[in-house]
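> here are the coordinates; sequence isn't available:
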């Protein structure tokens, strides 16, 4: 399923090719997130034009709304949302632990109340795989327990134990035609737990491995460590996916640490607040400084927004609450995330990844929050 | 400027061609409304693909936000919003009388408080034309007084007097290169006032004539009468524009009464509430009946929404507050309004307009509100 085409000579970065039932995904890859069967504010044509290879769907969300009956009747998630390329579905583990307000962990899953209408629901390995079977995704994820980053050691240990046990159950469930299944490594920032979890999952021979328990509120240095503690225990010939990450610079940092796949809601989420990502960092387009700035968001960007509109116009749209404003920032941001990964692939193929990566990081200004976390880490 | 190509043999419908500085507009025509320099939720490519020939901009809105300095610096409204085809700008008269909360009518215009920040502003014929000069629209509208439909006779008379006086002032103001100016006929549902206003404006020889004081809350029969009272006093060789109207069926009714141009916010406004227009009337796509309805909004419709998505999927998007839902309904509705006018042109050219128009009206179910108003009118 995963072909390792090339490994960078100076970093752990890899050029790869993932073959799914609905086509090939070149890695490293950014996967736009379509939680509720729609990548927020974007249409399938826009996604295709940006070079999207694969998108995400969400078990927890889609099971609650529109519900499985509708998606089954539509002929699966691809047909329901008219997306013919690969889809990866998250198992719902993350949402059960982050969205559902009241939950009770049981041996075979989690009982919880719907965040929408409070109705009592149950999701475990069996249910998550059944739902993903109906959704018909090309890559399904195991149902895992994802504790918060500051969970006590005992809780992290229990989460790893349950994640391993549940992964084994997921492994046994029926799958959709050609559907691949990835295991998810938990263990927080504890190297021993990460190793234990990774090794147990690798033994089960999944089609790929994800690093979970990141993007759960931890500071950036802790996130990097969680990945560094996990990657060495994953096989070279399987795809590696860091869940829910990150900024363009963070994705490159993780590519350099041996990660192949990313998903992140940042491009469309920050767009709705008027923030555009560029190769130099984030721009708050609503700022007064852009009032009469008739340059595109980013020079030399070939996205639809940059080819057609100025910062001044986009600022006006955002200030006036015109939907086209957040649409165009979503277009630009998603395009940038995809393009940075496409550039990484080009440079990996050409043997120039390290230079590209170092230059990108040097030019990219991280957010104040990330800078503060790095400073704290250095002072420690 | 306006070439009358053909008049229908059984109705007053006309096939025409309006030549502007930025190209030809075939009439009858529907003009999508871009109040704040954006046709809500749509991008210029989508508008072009639907066959949009000309869009509207708004003097009152754009003067307040982003403000003239920005649009002047951008090189005019076309460049600011990246729309290279014709733009018609409303004068702001309608907004001053509908949006601004506190206003004081003076001899040379209206003093009012901005609906945004309450600041004191003044708009009159001179100011409205100056603003439209900077916007650089292809068709500018005279600054008029637009009273509510239930205004007392005395107020309607004063509005007509001021509208005529202000039109004369507008006539004298400098214009942008190649900019045409239309007069606006007021007079409510009073035939004598409509005639007086129309004749006075026609004497001033404007490039075209609009019927204002419609779409101001009046029942449909009163709106039809206002148009019927006005059209006979307008010259055949000038374009006629009914402001702010209507449903697809109402537009055809007005085409049959000799109107050439329409603008209406309905397609994008109702889209945001989950309503789709079809050739059979309005559909509330959020309704439970469409939960598992895998047909397009409208069979045989070749808009992007109908070619790609089902009612069930659009319903899900609307229920889940996904922006793609209101985007796709905006696409479908705007496409339909444009297409109905394109069909009217085709049938006018072929000499089959009356059959087309009668069949369309017979198949189209108006809203309960419109039906009630018609019933009341018949019983009177």
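Cool, got the structure. If you're wondering where the values come from, they're calculated on a predicted model, not measured in any experiment.

> residues contacting residue A:266?
Contact analysis of residue A:266 by Cβ atoms under 8 Å, 6 or more residues apart in numbering or on different chains lists A:246-247, A:277, A:333, A:337. (C-beta placed from N, C-alpha, C; glycine too.)

> I'd like to know which of the residues you listed are part of helices.
A:333, A:337 (DSSP state H).

> Tell me the one among the contacts of residue A:266 nearest to residue B:371.
For the contacts of residue A:266, the residue nearest residue B:371 by Cβ to Cβ is residue A:333; the value is 46.8 Å.

> tally of neighbours for the residue nearest to the closest one when sequence neighbours are not counted?
Leaving aside its sequence neighbours, residue A:333 sits nearest to residue A:267 (Cβ to Cβ, 6 or more residues apart in numbering or on different chains; 3.5 Å). A count of nearby residues for residue A:267, using other Cβ atoms under 10 Å in any protein chain shown, gives 28.

> neighbours of residue A:299, just the number please.
Around residue A:299 there are 9 residues (other Cβ under 10 Å).

> next one: residue A:354
16.

> okay if I get the contacts of residue A:266 as a markdown table plus pLDDT and neighbour count?
Converted to a markdown table, these look like this (pLDDT from 0 to 100; neighbours: other Cβ atoms under 10 Å in any protein chain shown):
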| residue | pLDDT | neighbour count |
| --- | --- | --- |
| A:246 | 96 | 22 |
| A:247 | 97 | 22 |
| A:277 | 98 | 26 |
| A:333 | 98 | 26 |
| A:337 | 98 | 26 |
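
> For the contacts of residue A:266, work out which two are farthest apart.
Farthest apart among these by Cβ to Cβ are A:246 and A:333. That separation is 13.3 Å.

> thinking again about what came up before, please verify my assumption that the residue nearest to residue A:333 contacts residue A:339.
No. Taking contacts as Cβ atoms under 8 Å, residue A:267 lies outside contact range of residue A:339: 11.2 Å.

> if we can go back for a sec, so which of the contacts of residue A:266 is the closest to chain B?
residue A:333 (14.4 Å; Cβ to the nearest Cβ).

> For residue A:263, see how far away the closest one is.
Remark: distance between residue A:333 and residue A:263 (Cβ to Cβ, to the nearest Å) = 14 Å.

> related to what we said a few turns ago, in terms of distance to residue B:251, which of the contacts of residue A:266 ranks first?
Residue B:251 lies nearest to residue A:333 out of the contacts of residue A:266, by Cβ to Cβ, at 38.8 Å.

> what's around residue A:289, how many residues?
For residue A:289, using other Cβ under 10 Å, the count is 12.

> Can you pull the phi/psi pair for it?
Note on residue A:289: backbone dihedrals following degrees, to the nearest 10 are phi -60, psi -20.

> Residue A:242 is in contact with residue A:262, isn't it?
Yes. If you go by Cβ under 8 Å, residue A:242 and residue A:262 touch, sitting 5.9 Å apart.

> And those two? Which one has more around it.
It is residue A:242, of residue A:242 and residue A:262, that has more neighbours when counted by other Cβ under 10 Å, with 28 against 24.

> for the more buried one, which residues make a bridge with it?
residue A:211, residue A:262 (DSSP bridges).

> Mutual contacts of residue A:242 and residue A:262, please.
By the contact definition Cβ under 8 Å, 6+ apart, residue A:242 and residue A:262 are jointly contacted by residue A:254.

> ok now do residue A:50, which residues does it touch?
By Cβ under 8 Å, 6+ apart, the contact set of residue A:50 is A:303, A:331, A:334-335, A:338-339.
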